[in-house]
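A.B. asks: Build the 3D model from these lines:
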Amino acid sequence: YCDLLLHPEINRMESCMNFFRDLHLPQYVIYNTSEFSHTKDVLPSNQCNGRILYQGTIDRNLTFADYYISPEAQKYPIDLYGLIEGAGEAKNELTAKFAAMTKESRYLGYVKADVLAELRRWYAYGIISWNPVNENFRLAAPNKLFDYIGSGVVPIAAPHPQCKYLIKKYNCGILLSDWSFEAFLNGLRYAMLIYGTPAYEEMRQNCIRAACEELNWDTQMVPVMKKLRELAAQRDMCAG
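C.D. replies: Numbers count the residues shown, from 1 in each chain. Here you go, the predicted model:
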């Protein structure tokens, strides 16, 4: 019943189609861009707060929650927004530790997406990382990557294939060497070292360029809509 297939990540597309080798349909990778990414609202660099944003689920196993409450990481200006996951006493313990952050890092709770979109504009960097416990997490197609890029916020990303590809393609962020705590700290250290330098500003401008050129819904849907019109025309000809 399908006319074409859309996939959020190229490796996911290839994996999916291994199960349907004889299914000859047009296919497109459509990035998980966000409706809250508006480059016209990007703030000038000198208005950024110089801080690092983490937005999303906070979980010990899946998103490395313990990294953020470590004494070493709390030396960095990180603001965390999101729901703390877990069960029973384990969740209560983690919640208490985040509430007790007393250094540069802060846990600021959960806010709605539209509020977060407004807050995000003020940040210098944004963190993206999931524990690659399976292929779904390794092949993440993260909306937060596109949230950050579209807001002019330079991503600091673990080497999930999609993050790695786009950051290298546009030179628009900092790519961690792996998912380890050491790599995480090295990324934070480097981010603060280059903040305010031409290297940082180049990444930031490249975020805006990437969002305008490719990483937006309108641009991505052009070939999809063209193909749908072609398929509709072919169907009309067959019906006639």
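
A.B. asks: what's the following helix or strand after the helix or strand harbouring residue 28?
C.D. replies: Taking DSSP states H and E as the definition, one finds residue 28 inside strand 27-29. The helix or strand immediately downstream of strand 27-29 is strand 52-55, counting by DSSP H and E.

A.B. asks: Identify the neighbouring strands of that following strand in the sheet and state each direction.
C.D. replies: strand 78-81 (parallel), strand 125-128 (parallel) (DSSP bridges).

A.B. asks: so what does the strand holding residue 28 touch, helix or strand wise?
C.D. replies: strand 5-7, helix 10-17, helix 217-239 (3 or more Cβ pairs under 8 Å, 6 or more residues apart in numbering; DSSP states H and E). Any C-beta I mention is one placed from the backbone N, CA and C, and that applies to glycine too.

A.B. asks: how about a cut-off of 6 Å?
C.D. replies: With contacts defined as 3 or more Cβ pairs under 6 Å, 6 or more residues apart in numbering; DSSP states H and E, the packing partners of strand 27-29 are strand 5-7.

A.B. asks: Distance check, residue 106 against residue 46.
C.D. replies: 23 Å (Cβ to Cβ, to the nearest Å).

A.B. asks: okay, those two: which has more neighbours?
C.D. replies: residue 106 (16 against 6; other Cβ atoms under 10 Å).

A.B. asks: bridging residues for that one?
C.D. replies: residue 79.

A.B. asks: Does it touch residue 80 like I think?
C.D. replies: No. Residue 106 sits out of contact with residue 80 when judged by Cβ atoms under 6 Å, with a separation of 7.0 Å.

A.B. asks: sorry, back to before: between the strands paired with strand 52-55, which one is closest to residue 1.
C.D. replies: Shortest distance between residue 1 and the strands paired with strand 52-55, using Cβ to Cβ, is found for strand 125-128: 35.0 Å.

A.B. asks: Figure out how far that closest one is from the centre of its chain.
C.D. replies: Relative to its chain's centre, strand 125-128 lies at 8 Å (Cα atoms, centre = their mean, to the nearest Å).
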